[in-house]
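Asks: Just the structure for this:
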Amino acid sequence: MNKKSSRKISRRGFIGTSSAAVAGFTIVPGYAVSGLGHRAPSDTLNIAGIGIGGMGRNNVANVAKTENIVALCDVDWGDASATVFKTYPGANQYKDYRIMLDKQKDIDAVIVATSDHTHAVISMDAMKRGKHAFTQKPLTHTVYEARALAKAAWDNKVATQMGNQGQAGDGPRRLREMIWDGVIGPVREVHVWTDRPNNGLFRTYWPQGVNRPEGTPPTPETLDWDLFVGPAPMRPYHPAYHPFKWRGWWDFGCGALGDIGCHSFDPVFRALKLKYPVSVQAVSTLVNEETYPLGSMVRYEFPAREGMPALTLTWYDGGIRPFNLPDLEEGMQMGAGGTLFIGDKGKILDDKILPLSLRNSYTPPIPYIPSSPGHEEEWIRACKGGEPAGSSFDWAGPLTETVLLGNIALRKALKEKLSGQILKFDPEKFAFPNMPEADQYLHCMYREGWSL
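Replies: Coordinates of the predicted model:
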């Protein structure tokens, strides 16, 4: 497989620079590496799935329609992974991705769908070895990791994609066309909400707002707990963390904002041409050192850009949502999750223009943004030298940074000070200029034996 390719000049320009914390980071968009040239389009990729018991199972199935699944890796060989092993009997099986990458040289690309805290170290290792990477959302566990992965994708000339599959749909494309057509005028406010992790009424997706569990039950025979903990501080195994419940713990997941933010913010960022916020603030239910709060509101401020006015983006989770609108029609609701754009001339609630009079009088433009061939298919084509995927790391990196900045504003150690102060962010210096003590949360210390 030919690893050499020429670098084309980007039409979108550099995506950002760093500060002392990320010295020398200059991230070039994925468009700059169009035609990566790793394989001829007629060739078939050899793909490895890492973390296959959850969403990774679906991602593997989607690429298996056209590509070879040659290796499967999961720290837990329980029922969920065992089912996937049986589906691809020709794939070699591993628990440690490092052994897999060392041993199996025929791997062209990897799918990383592990717990959030290991996304970065696994994806980085694979890219440094010249492997293309599809990594589930949120791209990383920390802001620094997101910027580092975007840079590494460029440095290693690999095709990448974050697993926020909604970006491949036609709905967000039509939304962009309407907003750019000026249907609701300049947009100054956006509200995004979800009922995750626990709407307080009907459903708990995973625990948050809880303390560390007591007791040390035996580790399941199928699970390598040391590998699961990975770069995080070691703690005893408990079913409160695995499977899936890891998402609500500071050490392992990114909470409700990390889970849904990369999905819900993506169409907002594209339609309103957003990149980095200049400030972030948050309020929430009680916060502890172990898990994210049961419910929170996070507010980001973005500067004016490309002829668009300054914007306030507000996030709500845990069943909290914006107040009902006076424009709501009979039978219309502010549902369990949604997005609301507020412009000078009107509003868009999910896919509906408000008020009704504006919707009835508006004729949308003829669709002109091309449809996606499919989220995984975008990545496959990019791996074979085609256009960069829609959520390649040059796009997904800054998006993930913004999402995770909100989690920093929720930290218990900062909560009291932030009750009377807005957290300012300088993306070029990669720092919080008005609160240096918050800088430590841009990254985290890895357990001995692990590195980025």
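
Asks: give the contact list for residue 452.
Replies: 120, 121, 124, 145, 148, 446 (C-beta atoms under 8 Å, 6 or more residues apart in numbering). All C-beta atoms are positioned from the backbone trio N, CA, C, and that covers glycine.

Asks: and the closest residue to it other than its chain neighbours, what element?
Replies: Leaving aside its sequence neighbours, residue 452 sits nearest to residue 124 (C-beta to C-beta, 6 or more residues apart in numbering; 5.4 Å). If you go by DSSP states H and E, residue 124 is part of helix 119-128.

Asks: quick one: that helix to chain centroid distance?
Replies: The chain centre lies 15 Å from the centre of helix 119-128; the measure is C-alpha atoms, centre = their mean, to the nearest Å.

Asks: Can you tell me what sits against that helix?
Replies: For helix 119-128, contacts defined as C-beta under 8 Å, 6+ apart pick out 50, 97-98, 101, 110, 112, 114, 133, 135-136, 138-142, 145-146, 148-149, 152-153, 156, 158, 160, 230-231, 446, 450-452.

Asks: now the residues you listed: which count as buried?
Replies: Neighbour counting over these (16 or more other C-beta atoms under 10 Å) leaves 50, 97, 101, 110, 112, 114, 133, 135-136, 138-142, 145-146, 148-149, 152-153, 156, 158, 160, 230-231, 446, 452 as the buried ones.

Asks: circling back: enumerate the positions of the helix holding residue 124 that are buried.
Replies: Across helix 119-128, burial judged by 16+ other C-beta under 10 Å covers 119, 120, 121, 122, 123, 124, 125, 126, 127.

Asks: got a markdown table for these, with pLDDT too?
Replies: Converted to a markdown table, those look like this (pLDDT from 0 to 100):
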| residue | pLDDT |
| --- | --- |
| 119 | 98 |
| 120 | 98 |
| 121 | 98 |
| 122 | 98 |
| 123 | 98 |
| 124 | 98 |
| 125 | 98 |
| 126 | 98 |
| 127 | 98 |
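
Asks: and the gap between the closest residue to residue 397 other than its chain neighbours and residue 400?
Replies: Closest residue in space to residue 397, ignoring its immediate chain neighbours: residue 150 at 3.1 Å, by C-beta to C-beta, 6+ apart. Separation of residue 150 from residue 400 (C-beta to C-beta, to the nearest Å): 9 Å.

Asks: so residue 49 is in which element?
Replies: Assessed by DSSP H and E, residue 49 sits inside strand 46-50.

Asks: Please put the alpha-carbon coordinates of the helix or strand following that strand into PDB.
Replies: Toward the C-terminal end, the helix or strand that comes next after strand 46-50 (DSSP H and E) is helix 55-63. Extracted C-alpha coordinates of helix 55-63, given in PDB (Å, rounded to 0.1, in the frame of the first residue of the first chain):
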ATOM      1  CA  MET A  55     -21.800   1.500  18.400                       C
ATOM      2  CA  GLY A  56     -18.600   0.100  17.000                       C
ATOM      3  CA  ARG A  57     -20.600  -3.000  16.000                       C
ATOM      4  CA  ASN A  58     -22.800  -0.900  13.700                       C
ATOM      5  CA  ASN A  59     -19.800   0.900  12.200                       C
ATOM      6  CA  VAL A  60     -18.000  -2.300  11.500                       C
ATOM      7  CA  ALA A  61     -21.200  -3.700   9.900                       C
ATOM      8  CA  ASN A  62     -21.500  -0.700   7.600                       C
ATOM      9  CA  VAL A  63     -18.000  -0.900   6.300                       C
END
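
Asks: about what we covered before: quick one: which of the buried residues of helix 119-128 is nearest to residue 430?
Replies: Using C-beta to C-beta, residue 120 comes nearest to residue 430 of the buried residues of helix 119-128, at 15.9 Å.

Asks: For residue 140, see how far away that closest one is.
Replies: Going from residue 120 to residue 140 by C-beta to C-beta gives 4 Å.

Asks: what residues does the strand holding residue 49 touch?
Replies: For strand 46-50, contacts defined as C-beta under 8 Å, 6+ apart pick out 56-57, 59-60, 63-64, 67-74, 84, 91, 97, 100, 104, 106-114, 122.

Asks: Could you do stretch 170-177 as well?
Replies: Under the criterion C-beta under 8 Å, 6+ apart, residues 166, 266-267, 270-271, 348, 351, 364-365, 367-369, 371 lie in contact with stretch 170-177.

Asks: which of the residues in that stretch are buried?
Replies: 172, 173, 175, 176, 177.

Asks: chain center to the helix of greatest length in the chain, what's the gap?
Replies: Secondary structure of the chain read by DSSP state H shows that its longest helix is helix 255-272. Centroid separation for helix 255-272 versus its chain: 8 Å, with C-alpha atoms, centre = their mean.

Asks: for the helix or strand that it is followed by, packing partners?
Replies: Sequence-wise, the next helix or strand downstream of helix 255-272 (DSSP H and E) is strand 279-284. Where contact means 3 or more C-beta pairs under 8 Å, 6 or more residues apart in numbering; DSSP states H and E, strand 279-284 is packed against strand 296-302, helix 393-408, helix 412-418, strand 423-424.

Asks: Please enumerate the helices of the chain.
Replies: Going by DSSP H, the chain shows helices at 55-63, 79-87, 97-103, 119-128, 143-155, 170-180, 225-229, 255-272, 356-361, 375-383, 393-408, 412-418.

Asks: just to revisit the earlier point, for residue 304, state which of the contacts of stretch 170-177 is nearest.
Replies: residue 271 (15.5 Å).

Asks: what sits against that closest one?
Replies: Residues near residue 271 by C-beta under 8 Å, 6+ apart: 172, 175, 176, 179, 180, 187, 341.

Asks: Can you name the two of the residues you listed that sit furthest apart?
Replies: Across the contacts of residue 271, no pair lies farther apart than 172 and 187, at 14.9 Å, counting by C-beta to C-beta.

Asks: Skip the chain neighbours and tell me the closest residue to the residue positioned nearest the centre of the chain.
Replies: The centroid of the chain falls nearest to residue 138 when counting by C-alpha atoms, centre = their mean (2.6 Å). Using C-beta to C-beta, 6+ apart and skipping the chain neighbours, the partner closest in space to residue 138 is residue 258 (4.3 Å).

Asks: The one you found: how many residues sit nearby?
Replies: Residue 258 sits with 22 neighbouring residues when counted by other C-beta atoms under 10 Å.

Asks: isn't it right up against residue 405?
Replies: No. Residue 258 lies out of contact with residue 405 (C-beta atoms under 8 Å); the separation is 11.3 Å.

Asks: Give the intersection of the neighbour lists for those two.
Replies: Counting by C-beta under 8 Å, 6+ apart, residue 258 and residue 405 have no shared contacts at all.

Asks: Can you give me the domain assignment for the protein?
Replies: 16-167+373-402, 170-204+253-371+405-442 (automatic domain parsing).

Asks: so which of the ones you listed comes closest to residue 223?
Replies: domain 16-167+373-402 (4.4 Å).

Asks: How far off centre is that closest one?
Replies: Its chain's C-alpha centre and that of domain 16-167+373-402 lie 13 Å apart, by C-alpha atoms, centre = their mean.
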